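Student: fold the following for me, if possible:
(4 chains)
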Protein chains: 4
Amino acid sequence: MPTDKPGCEACSPAGQTSGRHVIQPDKTALINRLRRIEGQIGGVTAMVREDRYCVDILTQLSAVRSAIDAVSIRILETHAKGCVREAVQDHDGDDTIEELMGVIRKMIR
Amino acid sequence: MPTDKPGCEACSPAGQTSGRHVIQPDKTALINRLRRIEGQIGGVTAMVREDRYCVDILTQLSAVRSAIDAVSIRILETHAKGCVREAVQDHDGDDTIEELMGVIRKMIR
Amino acid sequence: MPTDKPGCEACSPAGQTSGRHVIQPDKTALINRLRRIEGQIGGVTAMVREDRYCVDILTQLSAVRSAIDAVSIRILETHAKGCVREAVQDHDGDDTIEELMGVIRKMIR
Amino acid sequence: MPTDKPGCEACSPAGQTSGRHVIQPDKTALINRLRRIEGQIGGVTAMVREDRYCVDILTQLSAVRSAIDAVSIRILETHAKGCVREAVQDHDGDDTIEELMGVIRKMIR
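Tutor: Below you'll find the model as predicted:
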C-alpha cells in the first residue's frame, strides 16, 4: 500500500503486475498537466468536427505532442532519481537500468 | 460554410483566422481516434493518481505519442493530397508548400 | 543526362532505378554541409578512440543528428517545391504525393 | 591516463574539460560503426553531386539518422551502467543523474 512518502517504494499488492507503487513527488501538478493535455485533445476533436483547416489542427497536435514529451521527461527524471538510484544502492540495479534503457529507446524511437 | 464535399474548400467565414474549411475525408473515424486518445490520457492520469510504477506510466505515454503521430500523419496526408494539390493546380501554390514545410518541421522537431 | 537547370527533371538513364535526375538548387552549399557532417562524425570517432567522456560524445552525436535533420528538411523542401509541384501540374501527382508521405513518415518515425 | 579497464574512470588530465576518461566496452565495434556512418555520409554527398533523385537521398539520410541513434543509445547504455551507477554508489550521484537527463532531453528533443 502506498504511503505519503514520495519516491519509489517496493511493494507487491495482489493482482498488480508491476508490484510497485511510486508516489510522484509533484503528483498534483502532474495530474493537472495531464488534465490540460486531455482538454487539448478535446479541443483538437472539436476542430475536426468543425472542419477546421488542416494546418491549424496539425499545429495543435504538435503542441500536444510537446506537452506529452515534457510530462514523460518529468516522470523519467523522477524515475531515474528515485527508483533507479534506489535499485543501484540496494543491489547493482542492472535490471532497473536495463528497464530504463528500454523506456528511453521507446521515447527516442 | 462547409459543405458535405470532403477535401479543401476556400471560404472566409467571419471571425475565423485561417478562413478555410476542410472536411476531413474520414472525419468520423478521425474523431473516434481522437476520442480514444483522450481516453488514453485519462487512463494515464488515473495511473498517476493511483501511484502506479513510473515505467508503466511512461510506456502508456509512449503509446499515446504514437497514436498522436499516426493521426497527424493521416491529416498531413489529407492536406497534401487536398489543399496542397489544389493550391498548386490553382496557382503555383508556393505559399501552401511553404506552410506545409513549416508543419513538417514542427513534426520532425 | 542532367542539365544545369536546377530542379526536377524526368529522364530515364539506363541502369538507374529511380530514373530521375534532380539538380539541388543549392548543390554546392549542400555538398559542403554534408562534408562538414562527415567531418563531425570523424570527430566523434576520434573521441571514442581517445576514451572521451560518454556525455561529451553523446552531445556531439546530438549535434550531428540535428545537422542531418536540417539537410533532410532542406532537400525535402526542394523536393516539395520542385518534383511534387511538377508532378501535380503535369498529372494529378498522386504517386508523387504518396511517395512524399512515405519519406515524411520515415523522417518522423 | 586511460587504462585497459573498460567502463568509467575518474581522472583529470591537464587541458581536458570534462576530466574523465571512459573506455567504451565495445570500443572497436563502436569505432567501426562510426566509420561506417562516415562512409554512408560520403555516399550521400556523392548522391547529391550526381544529381540523384531527392527521395533516394532522403531515404539514405533516414538510414544514417537511425544508425546514429543506435550508436547514441549504445553509448547511453554504457554510460548508465558505468558512470551513472558508479556515481550513485560512490555518492548520491545527483549531479550525474541530472547530466544524464540533460543528454536524454537533447536526444528526445
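Student: please count neighbours and contacts with C-alpha atoms only from this point.
Tutor: OK.
Student: which SS class is A:Pro25?
Tutor: coil (DSSP: H, G, I helix; E, B strand; the rest coil).
Student: backbone dihedrals for it, please?
Tutor: When read as degrees, to the nearest 10, the backbone of A:Pro25 gives phi -60, psi -30.
Student: then A:Tyr53?
Tutor: In this entry, A:Tyr53 is assigned phi and psi values of phi -60, psi 130 (degrees, to the nearest 10).
Student: what does chain A have sitting close to chain C?
Tutor: With the criterion set to C-alpha under 8 Å from any C-alpha of the partner chain, chain A comes near chain C through A:Arg109.
Student: which residue is the nearest non-sequential neighbour of the residue in chain A positioned nearest to chain D?
Tutor: Closest contact between chain A and chain D, by C-alpha to the nearest C-alpha, is at A:Ile108 (5.1 Å). Here the nearest residue to A:Ile108 in space, its sequence neighbours aside, is D:Ile108; by C-alpha to C-alpha, 6 or more residues apart in numbering or on different chains that works out to 5.1 Å.
Student: the one you found touches A:Arg105, doesn't it?
Tutor: No. With contact defined as C-alpha atoms under 8 Å, D:Ile108 and A:Arg105 do not form a contacting pair (9.6 Å).
Student: how much space between the residue nearest in space to the middle of chain A and chain C?
Tutor: Nearest to the centroid of the C-alpha atoms of chain A, with distances taken as C-alpha atoms, centre = their mean, sits A:Ser72, at 4.2 Å. As defined by C-alpha to the nearest C-alpha, to the nearest Å, A:Ser72 lies at a distance of 18 Å from chain C.
Student: and that residue, what is it in contact with?
Tutor: Applying C-alpha atoms under 8 Å, 6 or more residues apart in numbering or on different chains, one finds that A:Ser72 lies in contact with B:58, B:61.
Student: read off the pLDDT value for it.
Tutor: In the prediction, the pLDDT value recorded for A:Ser72 is 96.
Student: next structured bit after the helix or strand harbouring it?
Tutor: A:Ser72 is part of helix A:54-79 when elements are defined by DSSP states H and E. Moving toward the C-terminus from helix A:54-79, the first helix or strand encountered (DSSP H and E) is helix A:85-90.
Student: that following helix and chain D, any residue contact?
Tutor: Yes. Using C-alpha under 8 Å from any C-alpha, helix A:85-90 reaches chain D at A:85, A:88-89.
Student: closest one of the residues you listed to chain C?
Tutor: Taking C-alpha to the nearest C-alpha as the measure, chain C lies nearest A:Arg85 of those, at 18.7 Å.
Student: so the closest one makes contact with D:Ala87?
Tutor: No. Checked against C-alpha under 8 Å, the pair A:Arg85 and D:Ala87 is beyond contact range at 9.8 Å.
Student: so which of the two has more stuff around it?
Tutor: Neighbour comparison, A:Arg85 and D:Ala87: the larger count goes to A:Arg85, with 25 against 18 (by other C-alpha atoms under 10 Å in any protein chain shown).
Student: what's near enough to touch the residue lying closest to that one once chain neighbours are set aside?
Tutor: If the residues on either side of it in the chain are set aside, A:Arg85 comes closest to D:Val88, at 6.4 Å by C-alpha to C-alpha, 6+ apart. Taking C-alpha under 8 Å, 6+ apart as the criterion, D:Val88 is in contact with A:85, A:88-89, D:94.
Student: returning to what we had before: Throw the residues of helix A:85-90 next to chain D into a markdown table and include distance to B:Leu76 and pLDDT, thanks.
Tutor: Rendered in a markdown table, the data for these read as follows (distance: C-alpha to C-alpha, whole Å; pLDDT from 0 to 100):
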| residue | distance to B:Leu76 | pLDDT |
| --- | --- | --- |
| A:Arg85 | 42 | 88 |
| A:Val88 | 45 | 89 |
| A:Gln89 | 48 | 88 |
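Student: pipe those into JSON lines and attach distance to B:Ala67 per row.
Tutor: As requested, those are arranged in JSON lines below (distance: C-alpha to C-alpha, whole Å):
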{"residue": "A:Arg85", "distance to B:Ala67": "31"}
{"residue": "A:Val88", "distance to B:Ala67": "34"}
{"residue": "A:Gln89", "distance to B:Ala67": "37"}
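Student: buried stuff in stretch A:23-42?
Tutor: Using 16 or more other C-alpha atoms under 10 Å in any protein chain shown as the burial criterion, the residues of stretch A:23-42 that qualify are A:23-25, A:30-31, A:33-35, A:37-38, A:40-42.
Student: filter those by proximity to chain B?
Tutor: Taking C-alpha under 8 Å from any C-alpha as the test, chain B is in contact with A:23-24, A:30-31, A:34-35, A:37-38, A:41-42 out of the buried residues of stretch A:23-42.
Student: in a markdown table: those, plus secondary structure and distance to B:Asp56.
Tutor: Conversion of those to a markdown table gives the following (DSSP: H, G, I helix; E, B strand; the rest coil; distance: C-alpha to C-alpha, whole Å):
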| residue | secondary structure | distance to B:Asp56 |
| --- | --- | --- |
| A:Ile23 | strand | 13 |
| A:Gln24 | coil | 13 |
| A:Leu30 | helix | 15 |
| A:Ile31 | helix | 16 |
| A:Leu34 | helix | 16 |
| A:Arg35 | helix | 18 |
| A:Ile37 | helix | 19 |
| A:Glu38 | helix | 19 |
| A:Ile41 | helix | 22 |
| A:Gly42 | helix | 24 |
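Student: how much space separates A:Asp69 from C:Val22?
Tutor: Spatial separation of A:Asp69 from C:Val22 under the definition C-alpha to C-alpha, to the nearest Å is 37 Å.
Student: try A:Lys106
Tutor: Plainly put, A:Lys106 is 36 Å away from C:Val22 if you go by C-alpha to C-alpha.
Student: please say which of these two ends up with more neighbours.
Tutor: Set side by side, A:Lys106 and C:Val22 give different neighbour counts by other C-alpha under 10 Å, the larger being at C:Val22 (25 against 14).
Student: and the residue of chain A closest to chain C?
Tutor: Counting by C-alpha to the nearest C-alpha, chain A gets nearest chain C through A:Arg109, at 7.1 Å.
Student: quick one: contacts for that residue?
Tutor: Contacts of A:Arg109 were listed using C-alpha under 8 Å, 6+ apart, and they are C:Arg109.
Student: nothing else from me, thank you.
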